[in-house]
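Visitor: Fold the following.
(chains A and B)
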Amino acid sequence: MKELVIISGKGGTGKTSVTAAFALLADDAVIVDADVDAADMHLLAQPKILHEEDFFGGSKAIINQNLCSSCGLCIEHCAFDAISNDFVVKTIGCEGCGVCVHVCPENAIDFPKRLSGRWFVSNTRFGSMVHARLGIAEENSGKLVALVRSKGRELAQKQGAGLMLTDGPPGIGCPVIAAVTGASAVLIVTEPTVSGNHDMERTAKLARHFGVEALVAVNKEDLNPQVSAQIAQYALDNNMTFLGGIPYDKDVTRAMVEGKSVVEFSSGPATTAIKTLWEKIVNHLAAMPDPM
Amino acid sequence: MKIAVASGKGGTGKTTVATSLAWVLAQNGLSVRYLDCDVEQPNAHFFLKPEFENTQPVYAPVPKVDEQLCTGCGECGKLCRFSAILCLGSTVMTFPEMCHGCNGCALVCEPGAISYTGRLLGEIETGAGLGGVAFVQGTLRIGEAMAPPLIRAVRKNTADEQITLLDAPPGTSCPVVTTMEGCDFVVLVTEPTPFGLHDLSLAVETVRAINLPMGIVINRMGIGDDRVNRYAAQEGIEILAQIPDSRQVAQAYSRGELMVAGIDDWPPIFESLYANIQKILAARSKEPTP
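Guide: Numbers count the residues shown, from 1 in each chain, chains lettered A, B, ... in the order given. Take a look at the predicted model:
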């Protein structure tokens, strides 16, 4: 089983639209939506949920006011300034380190595991899908990303699926690291803008840092052909496979408004280009040794 | 006044709105500071074109164990919730990249064998940008997982300007909350599509969780439908500005041009956006506090 993780560096380059299209084109892929703090795949996939479970991230401190003697040790030792002067822990701000629990002489501080989200296994017309919902303003998105990927892998193995397609988060921080480590390859979907180019380079360096092969595709390639060419050149210079581009096509958004992927909505230029990219990806993955 | 510009969904035009607003306010004679808190992918510098005068590395404290002093008691490993310090018999191993900097291990170490060294989080650059905007950006080191401590360090670079604009990362989790907390107002930039609306609704819940006043900017009007307008009306959230979709603007953006400085009908959009923020804040200050 192989896993392709689709990331972008910059948000809004069309990562999810491209992943959804690939999911429809793939024969036996398990889909994972690993963009857990702004998951959008379900809007196109309209999943029928088969199984759901709570996700408990880290713990957070709660001070029992009846036991608290107001000694102030917890405030003094909290490295995150997360305890107010009247001994209430700020939920947003508490890092879950447990130092206050340790220093409290009255044993007045509870440290329960916190319900931080929910994850789902669903049936969709794209195939089986594992997705999640991180609670509002919650931490530990990296842990939830790792969890949905491991559940996706279990499911793929059970179904004998040859591929897992993972829609990753933007950026290069904790959730992205959790999304790319151990993947067969990442596909960086970028756009031909100075920002898109800059963010693609940082994302490519991240993939290299974690020893994951990176493929590159440019969405809306005709917006700025000069920057598109720079991106292709960068890929070439850095031993990455440049797969090609997708032209700007209003049908992509029109399809999204209808809750569809562009490949099931239109046979326009975006659909044609996405099919060509997908063929190249299939061939590329087939040529890779199977590590899992 | 501190105004955070956030979005939920990435690529909706957060940086475009924030840089345009900064430039327009500076043109109107206000002193403006811009904090690029999207430290994973800072892009505002392409548009405000600062000349950086100062670069500072930012470190997070991580433990260092003096093996001569360590008795192998194992207390540090028991306390650490982040698997950053591990005790195997008399050997102590540290995993600096996992450390959150809580100081707990040093606190419980009786022989005082634990001191601190630094893990490079990234760097902060400062300088003057277009229109005299004071510009600060954080850039996360590639491979570093934790953005919030660097964002907190960026936010310390404040002065007494009249307006500070904070360009937030996408999403709804800790890096976004770290950027928005303590601000006076949050501008949420979205686009009129199903993805735009869905992620906007998550961003709205995030802002409500930290109890800040907010308003919405709809970018690329015309690409989708009116679902964001309907949502805003239903939730009672003011639409601060609507920016039409334009190929010309997208192309200028792709080249790193500050569009607001080159298109005559753009500055009024951002002047009225700011006036709408002031109106909302003025109305709030008249409300009796509960």
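
Visitor: what residues does the stretch 151-292 of chain A put near chain B?
Guide: Applying Cβ under 8 Å from any Cβ of the partner chain, we find that the stretch 151-292 of chain A lies next to chain B at A:169-177, A:191-196, A:198-199, A:202, A:205-206, A:209-210, A:223-224, A:227, A:250, A:253, A:256-257, A:259. Using the backbone N, CA and C atoms, a C-beta is placed for each residue, glycine as well.

Visitor: For ChimeraX, write the selection for the buried entries among those.
Guide: To isolate the buried members of those in ChimeraX, using 16 or more other Cβ atoms under 10 Å in any protein chain shown:
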select /A:169,170,171,172,173,174,175,176,177,191,192,193,194,195,196,198,199,202,205,206,210,223,224,227,253,256,257
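
Visitor: In strands only, show me the residues of the stretch 151-292 of chain A next to chain B.
Guide: Among those, no member is found in strands (DSSP state E).

Visitor: Pull up the per-residue confidence for B:M221.
Guide: B:M221 is assigned 96 on the pLDDT scale.

Visitor: ditto for A:M292
Guide: 52.

Visitor: tell me the mean pLDDT for stretch B:197-206?
Guide: On average, stretch B:197-206 scores 96.

Visitor: in it, what's buried?
Guide: The neighbour-count check on stretch B:197-206 (16+ other Cβ under 10 Å) flags B:197-204, B:206 as buried.

Visitor: Repeat that for stretch A:261-280.
Guide: So, applying 16+ other Cβ under 10 Å, buried residues of stretch A:261-280: A:261-263, A:265-266, A:268, A:270-271, A:273-274, A:277-278, A:280.

Visitor: For that stretch, give the mean pLDDT please.
Guide: On average, stretch A:261-280 scores 98.

Visitor: follow-up on the earlier one: of all the buried residues of stretch A:261-280, which two lie farthest apart?
Guide: Across the buried residues of stretch A:261-280, the longest distance by Cβ to Cβ is 22.2 Å; it joins A:F265 and A:K280.

Visitor: The buried residues of stretch A:261-280 in helices, which ones?
Guide: Using DSSP state H, the subset of these located in helices is A:270-271, A:273-274, A:277-278, A:280.

Visitor: What is the nearest of those to chain B?
Guide: A:A270 (14.1 Å; Cβ to the nearest Cβ).

Visitor: does B:A60 have beta-bridge partners, and which?
Guide: B:R119 (DSSP bridges).

Visitor: rewinding a little: quick one: the ones in helices among the buried residues of stretch A:261-280 as CSV, columns for distance to B:I223 too.
Guide: Compiled in CSV, these are given as follows (distance: Cβ to Cβ, whole Å):
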residue, distance to B:I223
A:A270, 14
A:T271, 18
A:A273, 19
A:I274, 19
A:L277, 23
A:W278, 25
A:K280, 28
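
Visitor: What is the nearest of these to B:Q278?
Guide: Closest approach to B:Q278 among those (Cβ to Cβ): A:A270, at 42.1 Å.

Visitor: Quick one: residues contacting the closest one.
Guide: A:246-249, A:251-252, A:262 (Cβ atoms under 8 Å, 6 or more residues apart in numbering or on different chains).

Visitor: what do you get for B:E271?
Guide: B:24, B:28.

Visitor: which residues of the chain score low on pLDDT?
Guide: Went with chain A since none was named. Applying pLDDT under 70 to chain A picks out residues A:291-292.

Visitor: nope, chain B
Guide: Residues of chain B meeting the criterion pLDDT under 70: B:288-290.

Visitor: Report the central residue of it.
Guide: Here the mean C-alpha position of chain B is nearest to the C-alpha of B:A168 (Cα atoms, centre = their mean), at a distance of 2.8 Å.

Visitor: Relative to A:F22, how far out is it?
Guide: The gap separating B:A168 from A:F22 is 30 Å, by Cβ to Cβ, to the nearest Å.

Visitor: what sits against residue 93?
Guide: Unless you meant another one, I'm taking chain A. Shown in contact with A:G93 (Cβ under 8 Å, 6+ apart): A:80-82, B:181.

Visitor: hm, I was asking about chain B
Guide: B:85-87.

Visitor: Closest to chain A out of the residues you listed?
Guide: Closest approach to chain A among these (Cβ to the nearest Cβ): B:I85, at 12.1 Å.

Visitor: Count the residues that sit near that closest one.
Guide: Neighbour count of B:I85, defined by other Cβ atoms under 10 Å in any protein chain shown: 24.

Visitor: need the contact list for A:A29.
Guide: A:22-23, A:126-127, A:161-165.

Visitor: Over to A:I231?
Guide: Shown in contact with A:I231 (Cβ under 8 Å, 6+ apart): A:190, A:192, A:196-197, A:200, A:216, A:218, A:242.
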